[in-house]
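Colleague: how does the following fold in three dimensions:
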Amino acid sequence: MRFENCNGAKTSNGGNQTDQKKTHTGRMAYVIVRENAVNWWTTVQGLNHHEVRLLAEKVSNQPEAYIEKEKKVDFSIPTWQILNALECLGYRVVTSSGLVTGFGKFDTRDFIWTMHKTKEEWEASSK
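Modeller: A predicted model of the protein is given here:
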């Protein structure tokens, strides 16, 4: 099946599957926070530029790296500070899990939190 036949595009019989089109605002409802036990960096993925700036102000530390295209920012501060600052920005923890690929020297040991911000809080924070 080709993509133009999905999600509201014209079907082979000439009709539309749906008249509603989805629009994206460029904001993500979910944010991923990842702590790496090897280099002690905390990565936050899913924030826009304004929210990254607010997060940096809340933690009183500038990010070590920021990739705007991937919406990814790295901090070299403890994860609990990032999680508390994101909570002040309106995000709530949805899930958390540990990821261990082994117990050797070069294996990855990460802990991952998924956070969510409701639409009402998006609108309130953008005013």
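
Colleague: what segments of this structure are strands?
Modeller: For the chain, the strands defined by DSSP state E cover 30-36, 42-45, 65-67, 72-75, 92-100, 109-116.

Colleague: dump the ones you listed into a markdown table; add distance to L55 and mean neighbour count as well.
Modeller: (Glycine included, C-beta is placed from N, CA and C.) Below are those laid out as a markdown table (distance: least, C-beta to C-beta, whole Å; neighbours: other C-beta atoms under 10 Å):
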| stretch | distance to L55 | mean neighbour count |
| --- | --- | --- |
| strand 30-36 | 10 | 18 |
| strand 42-45 | 7 | 22 |
| strand 65-67 | 11 | 13 |
| strand 72-75 | 8 | 20 |
| strand 92-100 | 15 | 11 |
| strand 109-116 | 12 | 17 |
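
Colleague: hey, which helix or strand in this structure has the poorest pLDDT?
Modeller: In the chain, no helix or strand scores lower on mean pLDDT, DSSP states H and E than helix 119-125, which sits at a mean of 65.

Colleague: ok, now which ones touch the residue nearest to F111 when sequence neighbours are not counted?
Modeller: Nearest non-adjacent residue to F111, counting by C-beta to C-beta, 6 or more residues apart in numbering: E35, 4.7 Å away. Neighbour list for E35: W41, T42, T43, T79, D110, F111, I112 [criterion: C-beta atoms under 8 Å, 6 or more residues apart in numbering].

Colleague: so in terms of bridging, what pairs with E35?
Modeller: Residues in a beta bridge with E35, per DSSP bridges, are T42, F111.

Colleague: follow-up on the earlier one: got a markdown table for the strands of the chain, with mean pLDDT too?
Modeller: Shown next, in a markdown table, are the strands of the chain (pLDDT from 0 to 100):
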| stretch | mean pLDDT |
| --- | --- |
| strand 30-36 | 90 |
| strand 42-45 | 94 |
| strand 65-67 | 93 |
| strand 72-75 | 94 |
| strand 92-100 | 87 |
| strand 109-116 | 86 |
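
Colleague: ok, which of those comes nearest L86?
Modeller: With C-beta to C-beta as the criterion, L86 lies closest to strand 109-116 of these, at 5.8 Å.
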